[in-house]
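just a sequence and a predicted model for now, questions to come.
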There are 2 protein chains.
Amino acid sequence: MNFTDFFANRSSVRAFSDKEISAETLEKLISASSHAPNTGNMQLYSVIATLDPEKKKQVAALHFNQPAALGCSILLTFCTDTRRFEKWCEQGKTESSLNNFGGFFMSMMDACLFAQQFVTLAELEGLGTCFLGTVAYDVKGFSKLLGLPQGVVPLVGLAVGYPASPAKPSDRLPIEAILHYETFSDYTPEDIERFYAEKEALPENPKFISENNKETLAQVYAQVRYPKHLNEKIETDYADILGFKTKK
Amino acid sequence: MNFTDFFANRSSVRAFSDKEISAETLEKLISASSHAPNTGNMQLYSVIATLDPEKKKQVAALHFNQPAALGCSILLTFCTDTRRFEKWCEQGKTESSLNNFGGFFMSMMDACLFAQQFVTLAELEGLGTCFLGTVAYDVKGFSKLLGLPQGVVPLVGLAVGYPASPAKPSDRLPIEAILHYETFSDYTPEDIERFYAEKEALPENPKFISENNKETLAQVYAQVRYPKHLNEKIETDYADILGFKTKK
């Protein structure tokens, strides 16, 4: 098997077959994924697995009932978890040093590396996955529904299941857009034009622009798909949970 | 090949042979890794590759001259990058919506998923890697040395090379510590004791405790390895770069 080819042709899967994932398979994948690198081997993360059909409907509703969330076999929610470390510190006669943005930073990294290792192992097992960034739009709703206490913060969802059809790889920026040798080479207007040319030429995008009554694809991204007010709500919600102040 | 066994027995590599990684191999791995999942296919990351021996000494110095940083073939620095998107927005007649914590949150996730996909592909290629969390202790120093402009924030380093010897897997928490079904099951004192029993019983740890004149392993972690004042510096430094206010 040529791994670079395999992973260069992967893609997220949003439509799943009815086949269920066994608890044994889930646990085998979670257990192996926990060997992903992490900060000082503290493993500052937890994952909540939603299997119960009723609960899945509730979690999927917070994900705006996206088809991937409704149709998957298992819905996972990856969380930062500095609580376990804090409890260990309490029992070990010391105060936790991670109840701050630095701790969140480390735990966010740990949780993401773990999540991506899970995605990779799931794909090698023939499963498909789709990250659901919608968690960030209702941090408090997810925390409440999943019973997350202080020190456990939801980051991202993952729909997991057997793919209904083979993955169709999506476009990526050319390597020169993301890889810089020695020092950062800043982007000229010509660079930007070249980097985004393939994406802008994709047949679905002119349709996407006109449906949204915009002039450019960047406007669709910045004004419709990822508008400022939603990103500012992410800031406010995480600030409330994490204790830092926002500029406003 | 049994992938779950392979990745359950992986570990970070801190000692490398003299064999160099070719630019062709690096680019093949970066290119395939860019197919990792990311937010809305915006790929909000960049990676700086340090190959030049003189430059490597300078970057390694910021990593406190850790042997992995000094001895590796290539030093990578993974960064969030909302600048490319911002420039695209400018040219596309709109303001970027990602110049806030929400944008940083998304780009941090993108960068970590990309970095972990790189680690996985490198390991499948026979390479070894070691994440270097030391970037967070001198965000401004790394930014300056690597020439990072506004909108590009260094997150984590990665030492990459051919391993000097086979990896020796390290301990992990039992799966019940990290996987919660349906809702979060909070940790009882007995849970904490059970979860950390294997780690605390490792032969190196009593030595580690006595060398540091501490009573417990948790004290070594919270007071020596990851002390509060360093984590609070992370908060202050990222707050300066990202524009949010800290509590202090």
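Nice, thanks for sending it over.

low-confidence ranges in chain A?
Chain A contains residues with pLDDT under 70 at A:247-248.

what's the single longest strand in it?
strand A:152-161 (DSSP state E).

quick check, that strand touching chain B?
Yes - for strand A:152-161 and chain B, the contact criterion (Cβ under 8 Å from any Cβ of the partner chain) is met by A:Val152, A:Leu155, A:Val156. Yep, even glycine has a C-beta here, placed from its N, CA and C like the rest.

got a markdown table for those, with neighbour count too?
Shown next, in a markdown table, are the residues of strand A:152-161 next to chain B (neighbours: other Cβ atoms under 10 Å in any protein chain shown):
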| residue | neighbour count |
| --- | --- |
| A:Val152 | 23 |
| A:Leu155 | 25 |
| A:Val156 | 24 |
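
sorry, back to before: after the longest strand of chain A, which helix or strand is next?
helix A:175-178 (DSSP states H and E).

are the helix or strand just after that following helix and chain B in contact anywhere?
For helix A:175-178, the following helix or strand on the C-terminal side (DSSP H and E) is strand A:179-181. Yes - interface with chain B: strand A:179-181 contributes A:Leu179, A:His180, A:Tyr181 (Cβ under 8 Å from any Cβ).

show me what strand A:179-181 is in contact with.
B:Glu27, B:Ile30, B:Ser46, B:Val47, B:Ile48, B:Ala49, B:Leu51 (Cβ atoms under 8 Å, 6 or more residues apart in numbering or on different chains).

which residues touch the residue in chain A sticking out farthest from the centre?
Ranked by distance from the centre of chain A (Cα atoms, centre = their mean), the top residue is A:Lys93, with 35.0 Å. Counting by Cβ under 8 Å, 6+ apart, A:Lys93 touches B:Glu215, B:Thr216, B:Ala218, B:Gln219.

try A:Asp186
B:Arg83, B:Pro149.

roughly how far apart are A:Pro169 and A:Asn9?
As for A:Pro169, its distance to A:Asn9 is 5 Å (criterion: Cβ to Cβ, to the nearest Å).

before we move on, what about A:Lys199?
Taken as Cβ to Cβ, the span from A:Lys199 to A:Asn9 is 18 Å.

what's the answer for A:Ser22, then?
Note on A:Ser22: its distance to A:Asn9, by Cβ to Cβ, is 27 Å.

what is the lengthiest helix in chain A packed up against?
Criterion DSSP state H: the longest helix present in chain A is helix A:101-124. Judged by 3 or more Cβ pairs under 8 Å, 6 or more residues apart in numbering or on different chains; DSSP states H and E, helix A:101-124 is in contact with helix A:23-33, strand A:45-50, strand A:74-81, strand A:128-132, strand A:152-161, helix B:3-8, helix B:101-124, helix B:228-242.

can you tell which of these is closest to A:Glu232?
helix B:101-124 (6.4 Å; Cβ to Cβ).

how far off centre is that closest one?
When distances are taken as Cα atoms, centre = their mean, to the nearest Å, helix B:101-124 is centred 9 Å away from the chain's centroid.

tilt between that helix and helix B:228-242?
Taking axes from the mean of the first three to the mean of the last three Cα atoms, to 10 degrees, one finds that helix B:101-124 is oriented at 110 degrees with respect to helix B:228-242.

flag every buried residue along helix B:101-124.
B:101-124 (16 or more other Cβ atoms under 10 Å in any protein chain shown).

what of stretch A:163-170?
A:Pro163.

that one and chain B, are they touching?
Yes - counting by Cβ under 8 Å from any Cβ, chain B has neighbours in stretch A:163-170: A:Pro169, A:Ser170.

need the contact partners of the helix or strand where A:Lys55 lies.
Element membership of A:Lys55, judged by DSSP H and E, is helix A:53-62. For helix A:53-62, contacts defined as Cβ under 8 Å, 6+ apart pick out A:50, A:66, A:69-70, A:75, A:77, A:134-135, A:138, A:141-142, A:145-146, A:157, B:182.

related to what we said a few turns ago, dump the contacts of strand A:179-181 to a markdown table, plus distance to chain A and neighbour count.
Formatted as a markdown table, these follow (distance: Cβ to the nearest Cβ, whole Å; neighbours: other Cβ atoms under 10 Å in any protein chain shown):
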| residue | distance to chain A | neighbour count |
| --- | --- | --- |
| B:Glu27 | 6 | 14 |
| B:Ile30 | 5 | 19 |
| B:Ser46 | 5 | 28 |
| B:Val47 | 6 | 21 |
| B:Ile48 | 5 | 26 |
| B:Ala49 | 5 | 20 |
| B:Leu51 | 7 | 15 |
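
these: which two are farthest apart?
The most widely separated members of the contacts of strand A:179-181, counting by Cβ to Cβ, are B:Ser46 and B:Leu51 (16.0 Å).

ok, for A:Glu198, nearest residue in space, not its chain neighbours?
A:Asp171 (5.6 Å; Cβ to Cβ, 6 or more residues apart in numbering or on different chains).

name the nearest residue to A:Pro174, ignoring sequence neighbours.
Closest to A:Pro174 by Cβ to Cβ, 6+ apart is A:Phe195, at 6.2 Å.

so which elements touch the helix or strand hosting the one you found?
For A:Phe195, the host element (DSSP H and E) is helix A:189-201. Helix A:189-201 sits against helix A:175-178, helix A:217-219, helix B:83-91, with contacts defined as 3+ Cβ pairs under 8 Å, 6+ apart.

next one: the last one, is it in contact with chain A?
Yes - applying Cβ under 8 Å from any Cβ, one finds helix B:83-91 touching chain A at B:Arg83, B:Arg84, B:Phe85, B:Lys87, B:Trp88, B:Cys89, B:Gln91.

and the fifth one, what does it touch?
The one in question is B:Trp88. A:Ile192, A:Phe195, A:Tyr196, A:Ala218.

ok, the second one next?
Residues counted as contacts of B:Arg84 (Cβ under 8 Å, 6+ apart) are A:Leu173, A:Ala177, A:Tyr187, A:Ile192, A:Phe195, B:Gln43, B:Leu44, B:Ser46.

can I assume A:Gln219 is in contact with B:Thr94?
Yes - if you go by Cβ atoms under 8 Å, A:Gln219 and B:Thr94 touch, sitting 4.5 Å apart.

any idea how far A:Ile192 lies from B:Cys79?
From A:Ile192 across to B:Cys79, the span is 18 Å (Cβ to Cβ).
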